[in-house]
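K.L.:
my questions concern the predicted model and sequence given below.
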Amino acid sequence: MATLCIRGQQIKFCWPRQSQPTIDIAELAIKSGERILLRGPSGSGKSTLLSLLAGVHAVQSGTLTVLDKDLSQLSQRKRDKFRADHIGYIFQQFNLLPYLSVIQNVLLAIDFSKSRGQRLNERNTSARAESERLLTRLGIASELWEKPAGNLSVGQQQRVAAARALIGAPELIIADEPTSALDTDARDTFLNLLNEECEQQNITLVFVTHDTTLSHHFDRIVELAQINQGTSIEGGEA
Ligand SMILES: Nc1ncnc2c1ncn2[C@@H]1O[C@H](COP(=O)(O)OP(=O)(O)OP(=O)(O)O)[C@@H](O)[C@H]1O
């Protein structure tokens with residue numbers, strides 16, 4: 001049987017002051033190296049589930065195992081360290097530090113994690129060289145590398161955020177609608193590049209998007225509504 005990157009069993013999560021859980025999933029299994037598109041209507045809990053997979057929040061019952069670690073048994077501090085070492089997270093708003101340069105933003109991921117730096121050492125490459133390789137792969141010209149990240153276009157910032165998520169080869173990349181501001185061609189190009197990097201480094205990808213035209217980039221589509229018994233606020237089709 002293929003190794004599982006993510007295994008959730010009977011997982012429940014309820015936001016404060018809500019009477020019903022937003023997430024109530026009996027079974028979730030994602031294999032190592034799989035590329036998953038997570039879909040569901042607005043308000044169905046996609047971002048909430050990603051925050052559980054990344055250990056930003058902890059499930060209140062059940063077990064959620066990511067890369068053989070049961071996140072429900074870890075303190076917030078240990079989950080934060082686990083995320084820095086093993087998970088690249090691309091947020092909707094990219095979360096770049098606008099006054100730091102493009103390169104500095106990418107290097108931040110290494111500053112926060114010794115393990116990622118060690119993985120680069122094992123490959124005989126420096127953090128700087130790998131930042132440059134990833135930025136080049138993602139189509140960010142060298143003239144932009146020393147510029148403040150806030151000066152870049154939305155599409156360029158998105159690719160910088162992807163480079164930051166990929167550096168040091170974390171085993172799992174979680175992406176929450178990182179392509180929403182791009183046109184269709186740019187989305188396809190971005191997904192092609194992200195997929196190539198994930199394939200080369202055997203990275204598992206869990207990607208949320210409302211864009212149905214991107215389905216062909218993924219190994220499998222998980223419809224959240226089909227596995228989640230939690231409450232959902234219907235806000236439109238995704
Ligand atoms: N920080 C929070 N505090 C309290 N409730 C929250 C919080 N974040 C999300 N929720 C609630 O959890 C439910 C699911 O929200 P979530 O953002 O996970 O959905 P989604 O499927 O990602 O939606 P969208 O596609 O619109 O981004 C909603 O009812 C929302 O109000």
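P.N.:
Alright, I've got the coordinates. Numbering: from 1, shown residues only.
K.L.:
give me the helices and strands touching the worst-scoring helix or strand of the chain on mean pLDDT, please.
P.N.:
One helix or strand of the chain scores below all others by mean pLDDT, DSSP states H and E: helix 184-200, with a mean of 88. Under the contact criterion of 3 or more C-beta pairs under 8 Å, 6 or more residues apart in numbering; DSSP states H and E, helix 184-200 touches helix 127-137, helix 154-166, strand 172-176, strand 204-208. (C-beta placed from N, C-alpha, C; glycine too.)
K.L.:
tell me which residues of the second one are tucked away?
P.N.:
The one in question is helix 154-166. By neighbour count on 16 or more other C-beta atoms under 10 Å, the buried set for helix 154-166 is 155-166.
K.L.:
ok, and of these, which contact the ligand?
P.N.:
Residues of those in contact with the ligand (C-beta under 6 Å from any ligand atom): none.
K.L.:
closest to Ile30 among these?
P.N.:
Of all the buried residues of helix 154-166, Ala165 has the smallest distance to Ile30: 17.1 Å, by C-beta to C-beta.
K.L.:
and that closest one, how far is that from Asn124?
P.N.:
22 Å (C-beta to C-beta, to the nearest Å).
K.L.:
Asn228 - how many residues pack around it?
P.N.:
For Asn228, the count of nearby residues is 24 (other C-beta atoms under 10 Å).
K.L.:
now swap in Leu214 and tell me
P.N.:
Residues within reach of Leu214, counting by other C-beta under 10 Å, total 17.
K.L.:
in JSON lines, list the helices and strands packed on helix 184-200 along with distance to Arg116.
P.N.:
Output for those, formatted as JSON lines (distance: least, C-beta to C-beta, whole Å):
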{"stretch": "helix 127-137", "distance to Arg116": "8"}
{"stretch": "helix 154-166", "distance to Arg116": "10"}
{"stretch": "strand 172-176", "distance to Arg116": "13"}
{"stretch": "strand 204-208", "distance to Arg116": "16"}
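K.L.:
measure Asp85 to the ligand for me?
P.N.:
Distance, Asp85 to the ligand, by C-beta to the nearest ligand atom, to the nearest Å: 25 Å.
K.L.:
can you tell me the closest non-neighbouring residue to that residue?
P.N.:
When the adjacent residues along the chain are set aside, Asp85 lies closest to Ser115, with 4.1 Å between them (C-beta to C-beta, 6 or more residues apart in numbering).
K.L.:
which helices and strands does the strand or helix carrying that neighbour pack with?
P.N.:
Here Ser115, judged by DSSP states H and E, is contained in helix 114-122. When contacts are defined as 3+ C-beta pairs under 8 Å, 6+ apart, helix 114-122 sits against helix 76-86, helix 102-111, helix 127-137.
K.L.:
quick check, Gln10 in a strand?
P.N.:
Yes: looking at Gln10 with DSSP: H, G, I helix; E, B strand; the rest coil, it is inside a strand.
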